[in-house]
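Asks: 3D model of this:
(4 chains)
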Protein chains: 2
Amino acid sequence: MAVIRNTRSVRAVLEIFNSSKNPYSSVQLIDYFKGEMNKTTVYRILDRLRDGGVLHSFTDKNGLQWYAKCQDGCSSHEHVDLHPHFQCKDCGKTECIDVDFTLPSVGGHKVESAEFLLVGVCVDCLEKSSF
Amino acid sequence: MAVIRNTRSVRAVLEIFNSSKNPYSSVQLIDYFKGEMNKTTVYRILDRLRDGGVLHSFTDKNGLQWYAKCQDGCSSHEHVDLHPHFQCKDCGKTECIDVDFTLPSVGGHKVESAEFLLVGVCVDCLEKSSF
DNA sequence: CTATTTTTGCAACCGGGTTGCAATTAAACA
DNA sequence: TGTTTAATTGCAACCCGGTTGCAAAAATAG
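Replies: Alright, predicted model coming up:
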């Protein structure tokens, strides 16, 4: 398993994820690092960090990829944190929901992972729309 | 709410979904109707059937859209069936899982719907790989 | 300090999905 | 049945998230 090299770009991306446990989409990061880092580089760093157990990823309502910091316990061998994500259908923001759930079993099939995406309206957008 | 007209194309798409409760992806349908129906038409019919409460849709692990027949009770006003979907990471096939779950509440936010995607290896692929 | 391996930038590409518009076709209604 | 009106379709061009191949640059091992 290739070691992740400590490059300027990797440090920059890690800084983002270490500063908050919120998810960021590849699109957001590409925009944020525009002029500083090529989009291909961003995609590849995210891949490596996910494969290395540093980040986990999920697919949002629109098919876009989001990434967030893993809890302790995840590794390149296995992602152990299994929690839902919330997405606001108004502003698009996502959030890790700090509740565990277990993988349900499905007759015959072998279930290995799951994505649980809750969709609705976030607190901020609720407030804005109530006037 | 615009009524869905009974066109040759709509009938053809409905025939597929009425013949099985399995989900089909837009890509599969576009390929199936290749030469008979424009891809734009397929996308638009799927949109209309979803908005009309005839089909429900979900996003798979690669960001692709899948559609399946709704149970009774769904309408253009509301989709009432809330069930997980399973996707085989080997063959890509998906399946509606016939188990209900309820929308969890998430502090502050208003949760309106959810997508619960289970990922693993389906029975067929398990068998194939055991030799 | 050199050899080796990974990482990066770039440009071109891929593919699912959308858009605008003109031509058809279904439904409404006389 | 014929006409009017509104929905549907096909087409071509487009959008955009994500990938690929390759040569140059930067990390690490020794």
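
Asks: near DNA strand C, which residues of chain A? Just list them.
Replies: A:2-5, A:7-10, A:37-38, A:40-41, A:44-45, A:48, A:63 (C-beta under 7 Å from any atom of the strand). (Each C-beta comes from the backbone N, C-alpha and C, glycine too.)

Asks: just give the nearest non-adjacent residue to the residue in chain A that chain B sits nearest to, would you?
Replies: Closest residue of chain A to chain B, C-beta to the nearest C-beta: A:Gly63 (2.9 Å). Excluding the flanking residues, the one nearest A:Gly63 by C-beta to C-beta, 6 or more residues apart in numbering or on different chains is B:Gly63, at 2.9 Å.

Asks: OK, contacts around the residue of chain A closest to chain B?
Replies: B:Thr59, B:Asn62, B:Gly63, B:Leu64, B:Gln65 (C-beta atoms under 8 Å, 6 or more residues apart in numbering or on different chains).

Asks: rerun at 10 Å
Replies: Counting by C-beta atoms under 10 Å, 6 or more residues apart in numbering or on different chains, A:Gly63 makes contact with B:Thr59, B:Asp60, B:Lys61, B:Asn62, B:Gly63, B:Leu64, B:Gln65.

Asks: if I read this right, the second one contacts B:Glu95, doesn't it?
Replies: So the one you mean is B:Asp60. No: applying C-beta atoms under 10 Å, one finds B:Asp60 not in contact with B:Glu95, separated by 11.3 Å.

Asks: if we can go back for a sec, using pLDDT, spot the least trustworthy of the residues of chain A next to DNA strand C.
Replies: pLDDT across these is lowest for A:Ala2, at 69.
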